[in-house]
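Participant: Need coordinates for the below:
(chains A and B)
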Amino acid sequence: MRRFFTVMKGCIIVVDIICIILSLYFIFQIRSEHKEYMRNQTDSITVYDGQNIRLALERKNKEDFVKKYADIQEQIEEAGEVYIELQKIYGIKTYMEDTGAKLYQDSDSNVYIERYFKVEQGELQEKDVDKIFPPLEESEKYGNFLPVGDGIWLRYEDYKEESLPIGIVITDPQVPIGYGQARAGMVFWKLKGILENESGVRGTEQKVSLEELEGQSLCVEDNDYCYYFLSIESEQWSKNVILYITKKIEK
Amino acid sequence: MEMFRQIRSISLQKEILLWLFSLWCIGMCLLLYRLNMDVSGYQADKLVQIGEQYTETVRQVILSAQDEKDVSDGKLNTILSERENSLNEMQENIEKLRNQYAVLSLLEEKEIQAAKEICPDRMYEKYFQLKQGELARIVGEDEIGMTGYLNSHFSGRIVEINWGMFAQYDGGNEMDEFITPYTLLIKNPDINIEFGGVRAGMNFEEIWKCLYETQIQTGFMYTEDYEIYYLEYENNGYCFRFLSDQPDGTNSWIEISEK
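Facilitator: Prediction:
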């Protein structure tokens, strides 16, 4: 019995020693894993910081983009509002222009034509009319023509700012200027018929030569103006009449 | 006997202590073992969690994950330059429309000049042809204001047809498609529409010098408390009044009506 207890005691001591050794081992293990963990954490932070920097840069790029986009969008909206307001006042001006045209047409007043002969060259040029309305094709050889609307140009003798027009060229039949019902853009023979039947005038017909271009013209007059209806045989004008108006020279 | 009892008790204490110590060692060993296992697992999870937190933090301030994959810097620049092109186009259109408006204004000015020379009696005729319905369609009904009639408690609709120039309609607050102006009101001195050299903004003294002296009349607008002073002239087709809320006619405005 005594021997048994002694062996037991010995075993217990051995177990204690083993436990102590294992404990020391586990403590050592925990410490080294903790160190490993701290090292991994630092590495991860470094890695994630690296990613963070990349993502932060991307974020900054995208934030810059969003800001610039918002700025441009705001400017577009403001420009849209300005455009809408401009359209309104331009609409009123156009309506007044159409009303005036109809009025003077009905009353046979020359005010509507005479106003064009009061436009100084400089007044048109400062409004960049060349950029608003199309130029008169193939006209460079024949003088200085400035557009003053769609299908209507004013002809100037020189390039001085204070110069007044010497003629009006009209190609668009929508422009409500002509002699009676005769308008630019009509076919020549039809025009002759209108002038003879409706206005009771025959006009002066003659052949026209403009450098390499051939054609014919029909000229009628009233008290203040000469109206030349020109039919030029060219690919550009395809025989549709061009109306050219000049002021009669005061005697 | 006593000594034997003491010796036996010391041995017993040692035995107990030994057993306790053994239990403590075994317990500590098991505890440390358990701790070791937990820490390993905990640390692994923690590392993952840290990674996720960082990623999430940054993701929260970036556009959606889809955008991250799809949108590169190059594409952002393309989007920006498309918007800039749209803006430039709009600004060009605005400039073009401004110039078109300026050309029409110039022609209108020349028309007034020509009318003064050729048919001065008909200089204002165009403005009295402007139909209320058409103007309302152009500017929008919300833009149409109201202003009082001279010597009346009532007011009528007005539309600004030029800067500082208005067409006033009869009919009070009612909208009528075909109604034409009752009066023209000119408040801007820069408008080239005048009578006998008299423009809006002149006082009565200056008006008399341009035309001739006539009696200053007194009227009202809206209520009798709001006194209006005016000079009245006529020609063949129109009646001209130069009105002011000051007795000397300061900052007068012109009212033109058809006879």
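Participant: Where does pLDDT dip in chain B?
Facilitator: B:1-8, B:40, B:42-74 (pLDDT under 70).
Participant: for it, what's the longest strand?
Facilitator: The longest strand of chain B (DSSP state E) is strand B:223-234.
Participant: Give me the domain ranges for chain B.
Facilitator: B:80-118, B:122-258 (automatic domain parsing).
Participant: Is chain A within reach of the longest one?
Facilitator: What it means is domain B:122-258. Yes. Remark: domain B:122-258 sits within contact range of chain A at B:122, B:125-127, B:129-130, B:134-135, B:138-140, B:143, B:159, B:161, by Cβ under 8 Å from any Cβ of the partner chain. C-beta coordinates here come from the backbone N, C-alpha and C atoms, glycine included.
Participant: List phi and psi for the residue nearest to residue B:138 when sequence neighbours are not counted.
Facilitator: Excluding the flanking residues, the one nearest residue B:138 by Cβ to Cβ, 6 or more residues apart in numbering or on different chains is residue A:91, at 4.0 Å. With angles defined as degrees, to the nearest 10, residue A:91 sits at phi -60, psi -40.
Participant: Settle this for me: residue A:91 is touching residue B:136, isn't it.
Facilitator: No. With contact defined as Cβ atoms under 8 Å, residue A:91 does not reach residue B:136; the gap is 11.4 Å.
Participant: Wait, residue A:147 touches residue A:131, no?
Facilitator: No. At 9.8 Å, residue A:147 does not count as touching residue A:131 under the criterion of Cβ under 8 Å.
Participant: all helices for the stretch 101-250 of chain B, in order.
Facilitator: For the stretch 101-250 of chain B, the helices defined by DSSP state H, counting those that start in this stretch cover B:132-139, B:204-210.
Participant: highest average neighbour count across those?
Facilitator: Stretch with highest mean neighbour count among the helices of the stretch 101-250 of chain B: helix B:132-139 (a mean of 18; mean count of other Cβ atoms under 10 Å in any protein chain shown).
Participant: low-confidence ranges in chain A?
Facilitator: Regions of chain A meeting the criterion pLDDT under 70 cover residues A:40-60, A:108, A:198-204, A:206-214, A:233-239, A:250-251.
Participant: how does it divide into domains?
Facilitator: A:1-99, A:111-247.
Participant: Residue B:190: what's it in contact with?
Facilitator: Residue B:190 makes contact with B:163-164, according to Cβ atoms under 8 Å, 6 or more residues apart in numbering or on different chains.
Participant: Quick check on it: phi, psi?
Facilitator: Torsion angles, degrees, to the nearest 10, at residue B:190: phi -80, psi -10.
Participant: And residue B:24, which helix or strand is it part of?
Facilitator: helix B:2-59 (DSSP states H and E).
Participant: sorry, back to before: could the domains of chain B go into TSV alongside distance to residue A:22?
Facilitator: Formatted as TSV, the domains of chain B follow (distance: least, Cβ to Cβ, whole Å):
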stretch	distance to residue A:22
domain B:80-118	67
domain B:122-258	90
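Participant: Looking at the ones you listed, which is nearest to residue A:219?
Facilitator: domain B:80-118 (23.1 Å; Cβ to Cβ).
Participant: Quick check: residues of the stretch 101-250 of chain A near chain B?
Facilitator: Listed as neighbours of chain B in the stretch 101-250 of chain A under the rule Cβ under 8 Å from any Cβ: A:102-103, A:107, A:109-112, A:114-116, A:118-119, A:123-124, A:127-129, A:131-132, A:148-149.
Participant: Just the buried residues of those residues.
Facilitator: By neighbour count, with 16 or more other Cβ atoms under 10 Å in any protein chain shown, those hold A:103, A:109-112, A:114-116, A:118-119, A:123-124, A:127, A:129, A:132, A:148-149 as buried.
Participant: Each with direction, which strands does the longest strand of chain B pair with?
Facilitator: Within its sheet, strand B:223-234 is paired with strand B:217-221 (antiparallel), strand B:238-244 (antiparallel), according to DSSP bridges.
Participant: Pick the most buried one from those.
Facilitator: Most buried of the strands paired with strand B:223-234 by mean neighbour count (mean count of other Cβ under 10 Å) is strand B:238-244; its value is a mean of 21.
Participant: Can you name the residues bridging to the closest residue to residue B:257 other than its chain neighbours?
Facilitator: Nearest residue to residue B:257 in three dimensions, chain neighbours excluded: residue B:183, at 4.5 Å (Cβ to Cβ, 6+ apart). For residue B:183, the beta-bridge partners are residue B:168, residue B:257 (DSSP bridges).
Participant: so what's residue B:183 up against?
Facilitator: B:149, B:167-168, B:255-257.
Participant: Without its sequence neighbours, what residue ends up closest to residue 101?
Facilitator: Just so you know, I chose chain A. Among residues not flanking residue A:101 along the chain, residue A:176 sits closest, at 4.5 Å (Cβ to Cβ, 6+ apart).
Participant: not what I meant, chain B
Facilitator: residue A:90 (4.7 Å).
Participant: Next, the angle from the helix or strand hosting that neighbour to helix B:132-139.
Facilitator: In this assignment (DSSP H and E), residue A:90 forms part of helix A:2-107. Calculated by axes from the mean of the first three to the mean of the last three Cα atoms, to 10 degrees, helix A:2-107 forms an angle of 140 degrees with helix B:132-139.
Participant: who's in contact with residue A:171?
Facilitator: Per Cβ under 8 Å, 6+ apart, neighbours of residue A:171: A:136, A:151-152, A:184-185, A:237, A:240, A:242-243.
Participant: before we move on, what about residue B:25?
Facilitator: A:15-16, A:19-20, A:23.
Participant: can you give me the strands for the stretch 151-251 of chain A?
Facilitator: A:152-156, A:167-170, A:178-179, A:182-183, A:204-210, A:213-221, A:225-232, A:242-247 (DSSP state E, counting those that start in this stretch).
Participant: want to throw those into a markdown table with distance to residue B:88 and mean neighbour count?
Facilitator: Output for the strands of the stretch 151-251 of chain A, formatted as a markdown table (distance: least, Cβ to Cβ, whole Å; neighbours: other Cβ atoms under 10 Å in any protein chain shown):
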| stretch | distance to residue B:88 | mean neighbour count |
| --- | --- | --- |
| strand A:152-156 | 29 | 22 |
| strand A:167-170 | 33 | 23 |
| strand A:178-179 | 40 | 24 |
| strand A:182-183 | 39 | 22 |
| strand A:204-210 | 41 | 11 |
| strand A:213-221 | 40 | 17 |
| strand A:225-232 | 39 | 21 |
| strand A:242-247 | 36 | 20 |
